[in-house]
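Enquirer: Fold the following.
(5 chains, ligands or ions: 4)
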Amino acid sequence: MSAALTVQSVTKTFRPGEPRILDDITLTADAGRITTILGESGCGKTTLLRIVAGLEEPSSGRLLIADRDVTRLAPVDRDVAMVFQTFGLYPAKTVAKNIEFPLKMAKVAPAERRTRAAEVAAIMHIEHLMNRLPAELSGGQRQRVGICRALVRRPRLLLMDEPLSALDPKLRNELRTEIVALQRAIGSTILYVTHDQTEAMTMSDTVVVMRGGRIEQAGPPDKVFARPASTYVAEFLGNMNLNPAPDVERAGGYAETVGIRPEHFGLAGTRPAAEDDFVVSGRLERCELLGADRILHVRAGEILWRARVDADAPIGDEITLVASRDQVHTFDTETGARRAT
Amino acid sequence: MSAALTVQSVTKTFRPGEPRILDDITLTADAGRITTILGESGCGKTTLLRIVAGLEEPSSGRLLIADRDVTRLAPVDRDVAMVFQTFGLYPAKTVAKNIEFPLKMAKVAPAERRTRAAEVAAIMHIEHLMNRLPAELSGGQRQRVGICRALVRRPRLLLMDEPLSALDPKLRNELRTEIVALQRAIGSTILYVTHDQTEAMTMSDTVVVMRGGRIEQAGPPDKVFARPASTYVAEFLGNMNLNPAPDVERAGGYAETVGIRPEHFGLAGTRPAAEDDFVVSGRLERCELLGADRILHVRAGEILWRARVDADAPIGDEITLVASRDQVHTFDTETGARRAT
Amino acid sequence: MKIIPQLARHGLLALGAVYVLGPIALMLLSAFTPTDDILAGRYLANLTLGNFVEVAERVPLALYYRNSIIVCLGTFLLQVVVCVPAAYALARLRFAGRTVGVWLLGLLILLPFQVIAIPIYLVFRNVGLIDTLPALILPFVGNAFAIFLLRQYFVSLPQSMFDAARIDGAGTLAVLLEIVVPSSRPAITSLGVFTITAAWNAYFWPSFVLTDQSSATIPFGVISFVNSDAVTDYGPQMAMATLSVLPLLAAFLIAQRQFIRGLALKGQTG
Amino acid sequence: MSDARNRVVPMLLIGPAALGIIVFVIAPLIIVLALSLFRVNLIGGTMTFAGLDNFVTELQHPEFVTSIRNTVTYGLLTVLPSLALGLIVALAINGLTRGQGFWRSVYFLPAATTLVAMSAVWRWMFRPDTGVVDTVLGPLFGLRDWLGDPNLAMGAIAIVGIWHQFGLITVLYLAALGTVPGDQYDSAAIDGARDWSRFWHVTWPALGPTTVFAFAVTASSALQAYDVIAAMTAGGPLNSTTTLTYAIWSRGVHFFDIGRAAVLSLALLALSILVTAVQRTGYARRLEAGAVR
Amino acid sequence: SPDSTASTTDSPVIIVSGQSAQNGELLQQLFDDYNAANAAAPVTLQMSADTDVDTAQKALVSLASGKGPDAVRVTNATYQTMIDAGAAQPADACLTESGAELDRRVLDGIAVDGTSYQVPWYVTPNALFYNDDLFVKAGLDPDKPPTTMSEFHEAAKAIAATGAAGGTAYFGNDYNFQGYVASLGGRVYDPQTKALGIDSPGGTAAFDLFATMAGDGSSPVYSNFFAEANEAFAAGKLGMIITSASGYPALKASGKVSIRLAPVPTMDGGKQVAVSSTNGFVITTKDPARQRAVCDALQTLLSPEAVTRTVAATATIPLLPSVADDPAYLADVYEKNPDWVAVREQQTTPWVSLPGGAHAEYSKAYVDSQLRVLRRETPAAEAVTSLQAATADLLAAQ
Ligand SMILES: Nc1ncnc2c1ncn2[C@@H]1O[C@H](COP(=O)(O)OP(=O)(O)OP(=O)(O)O)[C@@H](O)[C@H]1O
Ligand SMILES: Nc1ncnc2c1ncn2[C@@H]1O[C@H](COP(=O)(O)OP(=O)(O)OP(=O)(O)O)[C@@H](O)[C@H]1O
Ligand SMILES: [Mg+2]
Ligand SMILES: [Mg+2]
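Expert: Ligands and ions are numbered 1, 2, ... in the order given. Below is the predicted model of the structure:
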């Protein structure tokens, strides 16, 4: 698979002497795929995207887009487009004018501008809004205009910075589906920033988890989910229970953390048990209904475990949770790194 | 259970002649419980809360707080407090001064003000921030200050308007837990506006689903989830599949919509089948990994069904989904209303 | 790589600064140079404070300063007391006549004071306010421009803050004193700059209503060195100009951060 | 929250300011109108009804047309140049990576000076032959004795007027530039808009409200131009710098003719209403809404 | 307040003076000495740099509002206005009582319909000031200053040829002009007959002279005469200037030029005549007791000592002829400044002003006409005609 984008050892420091905002980032985004960047607030996601777009310069490192070195090129010459979290629409222009703007700057003839704008507007279902001003649109509509404007130039690479986070959940679901459909339809390469786990899991071909300016883990979402490289990743993707390992679980004499996903717990007795199952008993402290499921908060001494079980599973006050051994992850408490198992 | 708040036939029109923003709203909020108001953007949630707070006057109808008619009382005389989505902190006052402000207005002596502010600050873990200005706080910290300010007067009724929507997901999880814990601890009555389904489901004792200024359905969250009164509610809570009923499912000659939650579908053969099971077969169009589960998008002719199945369930290209009859909801296609079954 | 355009900008600005600072520099240089040297173009050849001494001997500086300070602070403080509530009401309260009020502001903001100077002068003459400090203050207290500027800022304050205050039990006065004023420091500062600058510099109106020294303000000091029909004393004239300009310059440099924040307009005139 | 309270509170808040405006603006406006119909003897303290005499005399007097023309000229010479200079300097400063605060202060300094005092300095700079202006600019443009030349005096006054106010416009624009959403610039960069397009499509629309406000500030100071003129030219030479405001002063105070000064005041009022009307035109409204490019 | 009857004389006597740059220091000294000698009703001198016209107007306004000063400094440009406004009180009694034997020309100058309304301080004729050095440089004999306007013009041309500015015959108002009109037998305004004589042979000849000299470069054109001409002369850049003798100290102050004085050159075909303006004080208080106190204060100005100090400082005409040659008083001064004698002995005609409020506007109209003539925008004949017409309108409107 060819790399649409290669980021090589990119480092970014805003002010000399201050810590690195990006620290030796190397990644590739495959052509025609969605690569998602994930990580806590302030970890450098936006900065990385802006460097790829050419809105910021890297302090060191190189950028290749389709094997061409673009490190020193102006944004417009990189053949990238970007969708901003805050939309970045031109408030004084109608929707049509907003979408046509990149073409106008590229000196495309007016007639063709209109045709191409109409085309992308149709894909995003906003044909009927072309004469409105941004102020007259809802959030979801605005974001669709932003996407249209990014698409109209048929860029090789599409950058999206938390494009859905300002929207309400219903719109978010809708647009998520539309973006994926669109990407399938036109086969573009997308670099997608989010801190929403669901988005990362459902949309992407590759996830890149960032932390404090470094890449913590990268890979296909199911692989990352199945074998998180650290407690940070484990907590971020899937909200894993992370608790000190019971004494019996410790090995080699150093502190360990065990991680078990809430959905991997079962109620004792409702499933076949194995010899090496991980078992916890405790008191039910709280029980949250989540539609078809329930989250049980079970306290065992100092420690609180969450388990996701069927909404209609029978529960009492005292609860025993069971997880199979291969669903138990262990991490070094000090560094948070995954223990080899 | 006594009613902390009763809203009787409240109607609101902002400008004469314009449509009603609130249309004959009647509801009660039980004392010591959390009542959540849910609904799409613009449906009138905030307006209702502002009327309860006394920030707007109802065009008609009555409000009772603890059985006292407060319809004409000033906000401060209603013994309510409110937490705003945008925090509404006083930027020129320190955290301590912000929290003490309601007490100052109530002419509480300075010494007592300090004690009580320190008390609530301790509950919300912001004791160490008391001398900061709001601009020096993170979003989550600001919202906690907002909650403290609302609590310090020990109001009978606490109104919260999307208190978490401006925050990032991690903080949101944290504060959600804190708010519930707090409510448990001090037993206050909370009227909580959100459009986040998870919040509504996990926190509330009662949910009220609004639509276009009217109450569409109200009740305990599990009841509402189990028997949504309309397609609107069904879609809003749990993102139900809503598709035209197959011909055989139609009854009485009028158009019907069937609704099945993705998680109520199973793969044919992996579960015991019954005579009257609802069965769909189709081609797998897309498959989204969602951590421990997978969302299958199955196309049967024009119609697309989503099913949530175990991540490790074996799947092929052609898929048959099965749902038991009692998990199939039917709605009038025209009105969206639930068909009696 | 961005060094060149940056330097070009600095160069351009430095060029403009010749126009901007030239007169000020010339004034400062001349103030410390004897008149003869000034006429001969020999600045600072014989550094002297003599010009200032002469100013101090010829005009009652202390009186001018006192009057100017009273007029500036008086106008500003009264303006705040009078205009802040009005601007708050026009920005934040719903009441009959609000639209008309805002509209009227837009109209009055461009009304030159000179149009109405004569009637005010006649009235003041009849009530004996000629040659008094209140005559320099009163006409500017209820000021459309001040209300406009403040309203503009109040409109941009978040509604939730006002809602919170009402729920917290703050009455109108408490909202004004505890919430509006502390949150509006930038706007009030910029109003202060506008008002104090205007009052400090005002010459038209004072030259209307003042006939003697007792209430004369700083510009009179300057004018007294300008209007003579004998040979002009440039040295003392520039010294006087310097003395008149310095306090404001100092005040601006101190207040500028606040001031500039208050000038960021967001809303509309309405 | 009773209805009565709803009505009383705003009135109490507005009251003092309204009173001030009624007493010191509205009432005087009415008095001006009345005064224009009287012959006023200030010293004797008598007023006699004069009908339209004042209008007839004043409208026939060359001073009337001259002062209106001069006021308009001064406005044309100062308003747009001040806005343009202010904008250019603000853009130059805004693009700096360091030194913004320094240049902002430098350019604002004139606005913080006493105009009467600085007029004295300027007058001296404009001194014929020996002044800085004549010695430096004279050889370049062949112009001399600006203040003594009826054709140049207004230009000199305008140079001082612009000097005094464009720093304020700069600061206004700088403040506005600070609030232009950065994401629009980012969009523009990605969309391929370079310098001029970026200014025209992003910056200028965002500066709309400030431009309208700055116009109001400069236009109103143009209508009120007095201090520089009083200190530099006293309306001369040959009335070439006699603006309406200066004419009102000289007619009313210097020549003791209050009735005719009132007529001039009315002319100034009409002019300011005209400017306000211009400000309310579609273009200005769209500019203000940030919808012009 | 000075007008309140209760406190007639126990509050200080307030005297207002503009023109502080013109002998203001001397005036202050004279009253300081008076105050030192007589503490009973001390004088507070409110001095400003305003022009005489502005001073009078402000004083009139304050008088009308009931809180005016007790006395106001006037020149001939404002004297009539003060009388017409009813502000000036008769001063005959005060003058008589002082026992001062005033110069006839002074008394003529201040009498209006047989009554004097002011206590004079000095009488200043205009005179030719010239720069000794520039004369020498131009090859002219400094001991033989021009006596006619033709000679003046020639001398100006000679000086201009050296690169300096030649000479100015015009002035910042119609002060010089009135003398030229008189030189050819006319009168700009006759208070008795109310006849105007701007449009007269003298007026036309004067404007002609201004235009010709400006035209051939022998006279610089100053649009702001007072500031520019004085400064140029004091800086040694202007050869000759015809101005008020009282300007002497200010012009002398720079110390850089050797100033010489001579009588005003005669208009060609006319007689030698200078214009005199009386600088003095009108009593404005109506309270007899205060009038007394003011009179007492003003009488110091009429003492031989005061006259000596004044003349020594200003080169003006002594109010008291008797002190001129008195060795105890001015004899020394004149010996040291022989030029001054001729100036003192010029024929003079009093500078008249138009009645009431008309004067200020006339004065401005005059300066504008003169400037147009100097700039040669308007021919002299046309200028006098239109100025006379405009002035007639002003008089009619009174
Ligand atoms: N222009 C800048 N100058 C200095 N520091 C900056 C600048 N832009 C970003 N930073 C800092 O760099 C770090 C990374 O910022 P960035 O915006 O890339 O984070 P992010 O991962 O996008 O966070 P979020 O999820 O909140 O958007 C932050 O600490 C931020 O404060
Ligand atoms: N002051 C007002 N004047 C006129 N209309 C208003 C006013 N406030 C709200 N509305 C209208 O009332 C309707 C309901 O608004 P409201 O703010 O209550 O919605 P909401 O349910 O809180 O929406 P969201 O989820 O977006 O916050 C909207 O159509 C809104 O435009
Ligand atoms: Mg970001
Ligand atoms: Mg809302």
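Enquirer: buried residues in stretch D:254-266?
Expert: D:254-266 (16 or more other Cβ atoms under 10 Å in any protein chain shown). Where you see a C-beta, it was placed from the backbone N, CA and C, and this is true even at glycine.
Enquirer: I meant stretch A:131-138, not that one.
Expert: Those would be A:Leu133, A:Pro134, A:Leu137, for stretch A:131-138 by 16+ other Cβ under 10 Å.
Enquirer: do the same with stretch D:268-283
Expert: Applying 16+ other Cβ under 10 Å to stretch D:268-283 flags D:Leu268, D:Leu269, D:Leu271, D:Ser272, D:Val275, D:Thr276, D:Gln279 as buried.
Enquirer: when you check chain C, which of the residues you listed turn up near it?
Expert: Residues of those in contact with chain C (Cβ under 8 Å from any Cβ of the partner chain): D:Leu268, D:Leu269, D:Ser272, D:Val275, D:Thr276, D:Gln279.
Enquirer: In terms of helices and strands, where is the second one?
Expert: I take that to be D:Leu269. helix D:258-279 (DSSP states H and E).
Enquirer: Among the buried residues of stretch A:131-138, which one lies nearest to chain E?
Expert: A:Leu133 (56.3 Å; Cβ to the nearest Cβ).
Enquirer: Does the closest one touch A:Ala96 like I think?
Expert: No. Counting by Cβ atoms under 8 Å, A:Leu133 stays clear of A:Ala96, with 10.6 Å between them.
Enquirer: how about stretch D:207-215, does it get close to chain C?
Expert: Yes. Residues of stretch D:207-215 contacting chain C under Cβ under 8 Å from any Cβ: D:Pro209, D:Thr210, D:Val212, D:Phe213.
Enquirer: Now tell me which helix or strand of chain C has the poorest mean pLDDT.
Expert: helix C:35-40 (a mean of 78; mean pLDDT, DSSP states H and E).
Enquirer: where does the chain dip in pLDDT?
Expert: Let's take chain A. The model of chain A has pLDDT under 70 over residues A:1-3, A:166, A:169, A:247-255, A:291, A:341.
Enquirer: was after chain E, sorry
Expert: E:1-10, E:39, E:254.
Enquirer: packing partners for the helix holding D:Leu269?
Expert: Contacts defined by 3 or more Cβ pairs under 8 Å, 6 or more residues apart in numbering or on different chains; DSSP states H and E place helix D:258-279 against helix C:98-108, helix C:113-126, helix D:27-35, strand D:38-41, helix D:53-60, helix D:62-94, helix D:208-223, helix D:244-249.
Enquirer: can I get the CA coordinates of the helix or strand just after the longest one in CSV?
Expert: Read it as helix D:62-94. Per DSSP H and E, the first helix or strand lying C-terminal to helix D:62-94 is helix D:100-108. Provided in CSV are the C-alpha atoms of helix D:100-108 (Å, rounded to 0.1, in the frame of the first residue of the first chain):
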residue,chain,number,x,y,z
GLN,D,100,4.0,45.0,18.8
GLY,D,101,3.5,46.7,22.1
PHE,D,102,6.3,49.1,21.4
TRP,D,103,5.0,50.3,18.1
ARG,D,104,1.5,50.4,19.4
SER,D,105,2.5,52.8,22.1
VAL,D,106,4.6,54.9,19.7
TYR,D,107,1.7,55.3,17.3
PHE,D,108,-0.8,56.1,20.0
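Enquirer: Flag every buried residue along helix D:100-108.
Expert: By neighbour count on 16+ other Cβ under 10 Å, the buried set for helix D:100-108 is D:Trp103, D:Arg104, D:Ser105, D:Val106, D:Tyr107, D:Phe108.
Enquirer: before we move on, what about stretch D:123-140?
Expert: D:Arg123, D:Trp124, D:Met125, D:Phe126, D:Arg127, D:Pro128, D:Gly131, D:Val132, D:Val133, D:Asp134, D:Gly138.
Enquirer: hang on, the earlier thing: send the alpha carbons of the least confident helix or strand of chain C over as PDB?
Expert: In PDB, the C-alpha atoms belonging to helix C:35-40 read as follows (Å, rounded to 0.1, in the frame of the first residue of the first chain):
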ATOM      1  CA  THR C  35      15.000  80.300  22.700                       C
ATOM      2  CA  ASP C  36      17.900  81.800  20.900                       C
ATOM      3  CA  ASP C  37      19.500  78.400  20.300                       C
ATOM      4  CA  ILE C  38      16.100  77.100  19.100                       C
ATOM      5  CA  LEU C  39      15.900  79.800  16.500                       C
ATOM      6  CA  ALA C  40      19.400  79.100  15.400                       C
END
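Enquirer: Contacts for the helix or strand that comes right after that helix next, please.
Expert: Next in sequence after helix C:35-40, counting helices and strands by DSSP H and E, comes helix C:50-58. Helix C:50-58 has contacts (Cβ atoms under 8 Å, 6 or more residues apart in numbering or on different chains) with C:31-35, C:61, C:221, C:224-225, C:233, C:235-236, C:238-240, C:243, E:20.
Enquirer: out of the residues you listed, who's near chain D?
Expert: Near chain D, by the rule Cβ under 8 Å from any Cβ, you find C:Phe225, C:Met238, C:Met240 out of the contacts of helix C:50-58.
Enquirer: The second one is in contact with C:Ala25, isn't it?
Expert: In this case it means C:Met238. No. C:Met238 is beyond contact range of C:Ala25, at 11.2 Å (criterion: Cβ under 8 Å).
Enquirer: who has more neighbours, the two?
Expert: A count of neighbours by other Cβ atoms under 10 Å in any protein chain shown puts C:Met238 above the other of C:Met238 and C:Ala25, at 28 against 14.
Enquirer: Contact partners for that one?
Expert: C:Met238 sits in contact with C:Leu26, C:Met27, C:Leu28, C:Ser30, C:Ala31, C:Ile38, C:Asn51, D:Ala120, D:Val121, D:Trp124, where contact means Cβ under 8 Å, 6+ apart.
Enquirer: Any chance of a markdown table for those, columns distance to E:Gln118?
Expert: A markdown table is the format used below for these (distance: Cβ to Cβ, whole Å):
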| residue | distance to E:Gln118 |
| --- | --- |
| C:Leu26 | 43 |
| C:Met27 | 41 |
| C:Leu28 | 44 |
| C:Ser30 | 39 |
| C:Ala31 | 40 |
| C:Ile38 | 38 |
| C:Asn51 | 36 |
| D:Ala120 | 33 |
| D:Val121 | 38 |
| D:Trp124 | 36 |
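Enquirer: From those residues, which land in strands?
Expert: Among the contacts of C:Met238, no member falls in strands (DSSP state E).
Enquirer: Filter those down to just the ones in helices.
Expert: C:Leu26, C:Met27, C:Leu28, C:Ser30, C:Ala31, C:Ile38, C:Asn51, D:Ala120, D:Val121, D:Trp124 (DSSP state H).
Enquirer: I'd assumed D:Val121 was in contact with the first one.
Expert: Yes. Using Cβ under 8 Å as the test, C:Leu26 is close enough to D:Val121 to be in contact (6.1 Å).
Enquirer: the more surrounded of these two?
Expert: D:Val121 (29 against 19).
Enquirer: how much space between the more buried one and B:Glu40?
Expert: Distance from D:Val121 to B:Glu40, counting by Cβ to Cβ, to the nearest Å: 66 Å.
Enquirer: got it, and E:Ala182?
Expert: In terms of Cβ to Cβ, E:Ala182 sits 98 Å off from B:Glu40.
Enquirer: Which one of these two is surrounded by more residues?
Expert: E:Ala182 (25 against 18).
Enquirer: residues near the closest residue to that one other than its chain neighbours, how many?
Expert: Among residues not flanking E:Ala182 along the chain, E:Thr349 sits closest, at 4.3 Å (Cβ to Cβ, 6 or more residues apart in numbering or on different chains). By other Cβ under 10 Å, 21 other residues sit near E:Thr349.
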